[in-house]
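Participant: here is a sequence together with a model predicted from it:
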Amino acid sequence: MTWVLHVDLDQFLASVELRRHPELVGLPVIVGGSGDPTEPRKVVTCASYEAREFGVHAGMPLRTAARKCPEAVFLPSDAPAYDEASEQVMGLLRDLGHPVEVWGWDEAYVGAAVADPFELAEKIRAVIAAETGLSCSVGISDNKQRAKVATGFGKPAGVFALTAENWMTVMGDRPVDALWGVGPKTAKKLAELDITTVAELARTDAELLTSTFGPTTGLWILLLAKGGGDSNVTAEPWVPRSRSHVVTFPADLTDIAEMDSAVSDLARRTLDEIVEQGRVVTRVAVTVRTKTFFTRTKIRKLPAAGTDLETITRTAIDLLHDFELDRPVRLLGVRLELEMPQ
């Protein structure tokens, strides 16, 4: 049997910082922005487990985190250091001789036709700890989605397996958003159908789900509830489907010309990276977040795939003007979706 192991590095960014600042081990550490908790509009990128005990979590404004955990040590984000640490870990995983599918800085799937997946999981944990000083958790199953959920039960620094034998025992009474891929909006819509647990979702008639969510999403969440998912682990390099940049302003914008300028700059910066990679753009998306945190994204397909700066910038500005810009704007973002290689 081929097993799927989900390897997830524990508190990765914080752990990389603790590796070079061992004197901070055991203290609440918060990574984000320039490391200055008084800096406006910056958020937590990662919090150590000690900081999480105070209610600090990723995405929280740094100022809020400082109020919740005034004794915390704040450190700036250091992307190059995290890139280097991630590459080291992924290299160690590949050296084990199994297909490795990387999903980001801190997680990957390993596909392995082994008799004892627990033995492999413990070997992975031991090798990563010995060679890098970093800790990881491993989820074991026969598909990616179930393995990902299993990892959550193994954290921190543990191993857990979810299979057909224990899936419903462990997951049946849990809320539907415990499933990887079921978010708040889907959970709310399911609740309107009086479906609140994984077991209830698994028993739901497929026709009801497809009529509510459409054939693709409806059947997919039903499959997830029953413990199914994608079992293919590919070692092929991940090819990005889009590139994006966002900016959170020190002071909310109210002037349309300033918004136009910001969107133009975001589009140019994003396109420069795409051209450098030899890719072409197919669709342009613009995200607006107002002072009240109301967030919406609009997207438009280009007349023809390409990299013409004027066309892409004009499309982004046109999308911006499609919004009702009657409230102060806190954040703007531009995402350029890419044509996939044949």
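Facilitator: Everything's here; your move.

Participant: any idea which helix or strand comes after the helix or strand hosting Thr217?
Facilitator: Using DSSP states H and E, Thr217 falls within helix 215-225. Beyond helix 215-225 in the direction of the C-terminus, DSSP H and E gives the next helix or strand as strand 242-253.

Participant: what's the next helix or strand after that following strand packed up against?
Facilitator: Per DSSP H and E, the first helix or strand lying C-terminal to strand 242-253 is helix 256-276. In terms of contacts (3 or more Cβ pairs under 8 Å, 6 or more residues apart in numbering; DSSP states H and E), helix 256-276 is packed against strand 242-253, strand 281-290, helix 309-321, strand 329-338. Backbone N, C-alpha and C define where each C-beta goes, glycine included.

Participant: tell me the mean pLDDT for helix 256-276?
Facilitator: Averaging the model's pLDDT scores along helix 256-276 yields 96.

Participant: can I get that helix as CSV, trimmed to CA atoms?
Facilitator: C-alpha atoms of helix 256-276 as CSV (Å, rounded to 0.1, in the frame of the first residue of the first chain):
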residue,chain,number,x,y,z
ILE,A,256,-8.8,58.1,-5.9
ALA,A,257,-5.6,59.3,-7.6
GLU,A,258,-3.5,57.9,-4.8
MET,A,259,-5.4,54.6,-5.1
ASP,A,260,-4.8,54.5,-8.9
SER,A,261,-1.1,55.2,-8.3
ALA,A,262,-0.8,52.4,-5.7
VAL,A,263,-2.6,49.9,-8.0
SER,A,264,-0.4,50.9,-10.9
ASP,A,265,2.7,50.3,-8.8
LEU,A,266,1.5,46.9,-7.5
ALA,A,267,0.7,45.8,-11.1
ARG,A,268,4.2,46.9,-12.3
ARG,A,269,6.0,45.2,-9.5
THR,A,270,4.1,42.0,-10.0
LEU,A,271,4.5,42.0,-13.7
ASP,A,272,8.3,42.6,-13.4
GLU,A,273,8.6,39.3,-11.5
ILE,A,274,6.4,37.5,-14.0
VAL,A,275,8.4,38.7,-17.0
GLU,A,276,11.6,37.7,-15.2
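
Participant: now it against helix 309-321, angle please.
Facilitator: 140 degrees (axes from the mean of the first three to the mean of the last three Cα atoms, to 10 degrees).

Participant: contact partners of helix 256-276?
Facilitator: 243-247, 249, 253, 280-281, 284, 286, 307, 309, 312-313, 316-317, 320-321, 325, 329, 332-336, 338 (Cβ atoms under 8 Å, 6 or more residues apart in numbering).

Participant: among the helices and strands of the protein, which has the poorest mean pLDDT?
Facilitator: Ranked by mean pLDDT, DSSP states H and E, the weakest helix or strand in the chain is strand 242-253, scoring a mean of 89.

Participant: ok and that strand relative to helix 256-276, angle-wise?
Facilitator: Using the same axes, to 10 degrees: strand 242-253 against helix 256-276 is 160 degrees.

Participant: strand 242-253 pairs with which strands, and in what direction?
Facilitator: Sheet pairing of strand 242-253 (DSSP bridges) gives strand 329-338 (antiparallel).
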